[in-house]
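Visitor: Sharing a sequence plus its predicted fold:
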Amino acid sequence: MRLTKAQKLQLVICPHCNIDMERLEIEVPGPNVFIDYCPKCNSYWFDKGEFRKIVKDRLAEKNVGKQEGMNEWVKFGCPRCGENMRMKFMYNVEVDQCDECGGIWLDDGELLQLKEKYLERIQDKHTRGFFNKLYTLKMDRK
């Protein structure tokens, strides 16, 4: 499923807290990326391609996959399209991904785990800045 620009601009409701998620604008070359953040449960929603574009790793979302023998459904539907989500792994960190639109949900703490795993692999200053900016935005809201 390919989302239209209008669909991507619609507010996302946090499936855990049932509140509107906040839009965070991340500056990247080309059009900026808007990700969704829940200030109550500290979760993030990335539409398909957003995580890859922000961290500048073409393989980021392609590396999301199931572990051997795993086929676990997540207990909530996709916050973007309402379809089923599955528990998967990116850089050996558990994430939730929509089977239909390909978006990625990160629960509280998973972004920090991804940051640590990813920064082990790459020394890109802009990527480090992205993770630091998200945590600064998060801390400023507390």
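Guide: Received, thanks. Residues are numbered from 1 along each chain as shown.
Visitor: can you give me the strands in this protein?
Guide: 22-26, 33-38, 43-46, 85-90, 93-98, 104-106 (DSSP state E).
Visitor: Which among these is found nearest to residue 14?
Guide: strand 33-38 (4.0 Å; Cβ to Cβ). To be clear about C-beta, it is placed using only N, CA and C from the backbone, and glycine gets the same treatment.
Visitor: CA atoms only: put the closest one into CSV for me.
Guide: Extracted in CSV, the C-alpha atoms of strand 33-38 (Å, rounded to 0.1, in the frame of the first residue of the first chain):
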residue,chain,number,x,y,z
VAL,A,33,10.5,14.1,7.2
PHE,A,34,7.6,14.3,9.7
ILE,A,35,7.5,11.5,12.2
ASP,A,36,4.9,11.0,14.8
TYR,A,37,5.7,10.9,18.6
CYS,A,38,3.5,10.1,21.6
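Visitor: Show me which positions of it end up buried.
Guide: Residues of strand 33-38 classed as buried: 33, 35-38 (neighbour count, 16 or more other Cβ atoms under 10 Å).
Visitor: which one among those residues gets closest to residue 86?
Guide: residue 36 (19.3 Å).
Visitor: was I right about the closest one contacting residue 21?
Guide: Yes - counting by Cβ atoms under 8 Å, residue 21 is a contact partner of residue 36 at 4.0 Å.
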